[in-house]
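Visitor: Okay, predicted coordinates and the sequence, questions at the end:
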Amino acid sequence: MTALRLGTRGSALALTQSQMVADALTAATGRQVELVRIVTPGDRSSAPIARIGVGVFVSALRDALLADEIDFAVHSYKDLPTAAHPQLHIAAIPPREDPRDALIARDGLTLAELPPGSSIGTGAVRRIAQLHALGLELQVTPIRGNVDSRIARVLGPEADLDAVVLARAGVARLGRSAEITETLDPMLMLPAPAQGALAVECRADDTDLIELLSALDHAPTRAAVLAERSMLATLEAGCSAPVAAHAEIAEGDDGDEIYLRGAVISPDGVRAVRLSRTGTPAGAAEIGKALAIDLLDAGADTLMGSTE
Ligand SMILES: NCc1[nH]cc(CCC(=O)O)c1CC(=O)O
């Protein structure tokens with residue numbers, strides 16, 4: 001049987017994530033997988049990510065799927081637009097990595113130990129807003145680039161920042177978790193919807209492959225991601241909005257329970273709406289939608305407006 005073609009970007013993170021999924025699929029089904037490198041316009045551009053958007057990375061992989069140049073692709077779930085693609089299908093959501101954000105600071109410092117005026121780099125409006133909300137007098141500097149280059153801004157030979165905040169999952173997948181100086185409590189820094197989760201996508205009419213890939217699906221992760229992303233979709237916010245969400249699945253007396261927290265923070269961190277809801281994993285989508293409506297009723301729409 002021929003090897004399945006898994007399309008991937010060439011970044012270290014993309015290659016690692018794709019290889020992990022390829023190995024898991026081979027272990028579960030015996031099918032061989034070959035990685036096919038897709039060069040995206042975003043890889044060639046040095047424009048700020050906030051301007052070009054992570055969408056360019058996703059579109060290049062999706063174009064390759066639609067053109068039948070590859071059979072499936074692995075995305076960082078949080079980078080996907082909330083709207084489903086009519087010709088594509090998310091066939092598996094593998095077990096999630098730690099969804100929390102992480103701090104990498106000079107001299108092993110934690111957030112609370114960084115002196116006032118310290119420079120801290122991050123590109124995400126959601127993180128910038130929540131850092132401001134902590135009131136630590138930190139100088140927040142927008143940065144972009146891959147995980148390794150962002151860490152180099154603190155630990156490299158030409159370091160120019162005191163700290164950076166980034167997703168723990170990306171750092172862990174690159175084998176660099178030992179450099180994390182603090183994992184941020186979601187009470188202080190609520191992660192992006194779907195952070196730490198992967199989406200394994202193929203063509204919607206490729207029924208045999210959908211069946212094969214389903215071996216990698218993890219039901220609790222799927223429920224958590226569905227709750228977080230339906231909240232995001234109902235808020236009609238994009239990946240660049242100051243919107244955060246985190247769902248946890250726990251065993252209750254009457255079966256599993258889902259606990260969803262959501263937040264919308266004004267970009268300057270001055271105003272925030274934070275709310276939560278609980279329910280059953282089977283109702284994940286409805287819980288996310290209901291929480292979004294609660295947030296809107298509490299004034300979230302006035303905080304999302306312009307993120308510039
Ligand atoms: N914003 C870019 C991005 N998209 C996915 C990850 C890796 C973590 C994940 O899979 O959620 C990152 C890096 C980061 O946010 O630090």
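Guide: Right, received. Where do you want to start? Numbers count the residues shown, from 1 in each chain.

Visitor: in its sheet, what does the one helix or strand Ile258 maps to sit against?
Guide: In the assignment (DSSP states H and E), Ile258 maps to strand 255-265. Using DSSP bridges, strand 255-265 pairs in its sheet with strand 243-252 (antiparallel), strand 272-279 (antiparallel).

Visitor: which residues in the stretch 101-250 of the chain form helices?
Guide: Using DSSP state H, counting those that start in this stretch, the helices of the stretch 101-250 of the chain run over residues 125-133, 147-155, 168-173, 207-213, 219-235.

Visitor: so which of those helices comes closest to Met187?
Guide: Met187 lies closest to helix 125-133 among the helices of the stretch 101-250 of the chain, at 10.6 Å (CB to CB). Where you see a C-beta, it was placed from the backbone N, CA and C, and this is true even at glycine.

Visitor: So what's the model's average confidence on the strand or helix carrying Val74?
Guide: In this structure, Val74 sits in strand 72-76 according to DSSP H and E. Computed over strand 72-76, the mean pLDDT rounds to 97.

Visitor: Could you do stretch 193-201 as well?
Guide: Stretch 193-201 comes out at a mean pLDDT of 98.

Visitor: How far off centre is it?
Guide: Distance of stretch 193-201 from the chain centroid (CA atoms, centre = their mean, to the nearest Å) equals 6 Å.

Visitor: Quick one: end-to-end length of it, please.
Guide: 18 Å (CA to CA, to the nearest Å).

Visitor: Let me see the contact set for Ala263.
Guide: Neighbour list for Ala263: 130, 190, 243-245, 272-275, 295 [criterion: CB atoms under 8 Å, 6 or more residues apart in numbering].

Visitor: most neighbours, which of the residues you listed?
Guide: Among these, the one with the most neighbours (other CB atoms under 10 Å) is Ala245, at 32 neighbours.

Visitor: and it, what is it in contact with?
Guide: Listed by CB under 8 Å, 6+ apart, the contact partners of Ala245 are 190-193, 227-228, 231-232, 260-263, 288, 291.

Visitor: Just the pLDDT at the closest residue to Ile287 other than its chain neighbours, thanks.
Guide: Counting by CB to CB, 6 or more residues apart in numbering, Gly279 is the residue found nearest to Ile287 once chain neighbours are left out, at 4.4 Å. With respect to pLDDT, Gly279 has a value of 96.

Visitor: do the same with Ala219
Guide: Ala219 is given a pLDDT of 95.

Visitor: go on, Ser240?
Guide: 63.

Visitor: go on, Leu136?
Guide: Leu136 carries a pLDDT value of 93.

Visitor: so who does it touch?
Guide: 111-112, 114, 116.

Visitor: switch the cut-off to 7 Å
Guide: Taking CB atoms under 7 Å, 6 or more residues apart in numbering, we find Leu136 in contact with 111, 114, 116.

Visitor: Any chance of these in CSV with neighbour count and distance to the ligand as columns?
Guide: Below are the contacts of Leu136 laid out as CSV (neighbours: other CB atoms under 10 Å; distance: CB to the nearest ligand atom, whole Å):
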residue, neighbour count, distance to the ligand
Leu111, 21, 16
Leu114, 22, 19
Pro116, 8, 25
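
Visitor: Quick check: of the residues you listed, which lies closest to Gly175?
Guide: Leu111 (23.7 Å).

Visitor: Spell out which residues of the stretch 151-300 of the chain are next to the ligand.
Guide: Taking CB under 6 Å from any ligand atom as the test, the list of the stretch 151-300 of the chain residues beside the ligand reads 166-167, 169-170, 195-196.
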